[in-house]
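Peer 1: Predicted model and sequence follow; I will ask about them next.
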Amino acid sequence: MDLNTDSGRDLDGLSLRLLGRFQLCRDGCPLHVSPSSERLLAYLGIRSGPVSRGTAAAELWPACTDVRAAANLRSAVWRLPGHDQGGLIAAEPHSLALDAAVSVDLRDLTRQVGPGSAAKGADVDVDVDVLRQDVLPEWPEEWLTGTREWFRQIRLHALEVLCDRHRDGGRLDAALDAGITAVAADPPSESAHRRLALVHIEEGNFAEALRQYDVYRKLLRTELGLPPSPRFRRLIGPLLARPLDGLST
């Protein structure tokens, strides 16, 4: 599908997907994007504002000289869909930014559940399937590392809120799904394991709650040489007819 229209620089209906995999669409229809332009759009899509051309070139092409990297950047901009009509980028002499009219799934989700969002507790309403996705997980670029860690914290918080919300509402299947996804998203997180164990307890599935505690106990001991927190131990303690330390090793 071609981006060009008869009305000039028309960016309505454009969306950029960065969760799970890269995709640029217009009204749900994928657009062809060259590999270098994909990287440029992703690089600008994870940022909230303009970035200098020199910084973008250096981070996108770290193995190249400054001159070669700058040339690669110009080529990537030129190859963008609709470049002859202004393209997808708001370009200044010394900076670039993704045009504000382009919807980015990562930004949209962050506005809904991230820090400073209006969503609090029961107001969080996100499909768990969306929160299973990482930021371009198959891309090796180092400039994605910080964004992935930042998003990991955001999605973990959202999953834990959803788990609590569904459990409180008696929707234990949905709570279980959110809890399992939270544990998978961040295996060392005690709060995720504790919430999942609590869902099992609410279901009356005490054996699974004990198993979840034991899984986390072994993980924490292997990684840090520490026991679970007193809070987690107090949650599990009433299920046992023997000391917690008696769990299998």
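Peer 2: Nice, I can see it.
Peer 1: check contacts around E202.
Peer 2: 167, 172, 175 (CB atoms under 8 Å, 6 or more residues apart in numbering). For glycine as for every other residue, the C-beta is placed from the backbone atoms N, C-alpha and C.
Peer 1: Including secondary structure, pLDDT and distance to V113, could those go into CSV?
Peer 2: Formatted as CSV, the contacts of E202 follow (DSSP: H, G, I helix; E, B strand; the rest coil; pLDDT from 0 to 100; distance: CB to CB, whole Å):
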residue, secondary structure, pLDDT, distance to V113
R167, helix, 96, 18
L172, helix, 97, 22
A175, helix, 96, 17
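Peer 1: Next, format those as TSV and append distance to S15 and neighbour count.
Peer 2: Converted to TSV, the contacts of E202 look like this (distance: CB to CB, whole Å; neighbours: other CB atoms under 10 Å):
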residue	distance to S15	neighbour count
R167	33	21
L172	34	17
A175	30	25
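Peer 1: Show me which of these is closest to R79.
Peer 2: Taking CB to CB as the measure, R79 lies nearest A175 of the contacts of E202, at 46.3 Å.
Peer 1: right, and out of the contacts of E202, which lies closest to V183?
Peer 2: Using CB to CB, A175 comes nearest to V183 of the contacts of E202, at 12.7 Å.
Peer 1: For the chain, which segments count as strands?
Peer 2: With DSSP state E as the definition, the chain shows strands at residue ranges 14-17, 23-26, 29-30, 51-52, 89-91, 95-98, 103-104.
Peer 1: who touches the second one?
Peer 2: Which is strand 23-26. Here strand 23-26 has contacts from 1, 3, 13-17, 30-31, 33, 38, 41, 81, 88, using CB under 8 Å, 6+ apart.
Peer 1: Would you format the contacts of E202 as CSV with distance to A197 included?
Peer 2: Converted to CSV, the contacts of E202 look like this (distance: CB to CB, whole Å):
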residue, distance to A197
R167, 11
L172, 13
A175, 12
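Peer 1: Name the nearest of the residues you listed relative to D129.
Peer 2: Minimum separation from D129 among the contacts of E202 (CB to CB) is found for A175, which lies at 15.5 Å.
Peer 1: residues in contact with that closest one?
Peer 2: A175 touches 162-167, 199, 202, counting by CB under 8 Å, 6+ apart.
Peer 1: cutoff 6 Å now
Peer 2: Counting by CB atoms under 6 Å, 6 or more residues apart in numbering, A175 touches 163, 166-167, 199.
Peer 1: Pull the most distant pair out of those.
Peer 2: Based on CB to CB, the longest span within the contacts of A175 runs between H166 and V199 and measures 8.5 Å.
Peer 1: Neighbour count for those two, which is higher?
Peer 2: Between H166 and V199, counted using other CB atoms under 10 Å, V199 has the larger neighbour count: 25 against 20.
Peer 1: Quick check: the more buried one touching L176?
Peer 2: Yes - if you go by CB atoms under 6 Å, V199 and L176 touch, sitting 5.2 Å apart.
Peer 1: ok, now how distant is L73 from R167?
Peer 2: Noted for L73: a distance of 49 Å to R167, by CB to CB, to the nearest Å.
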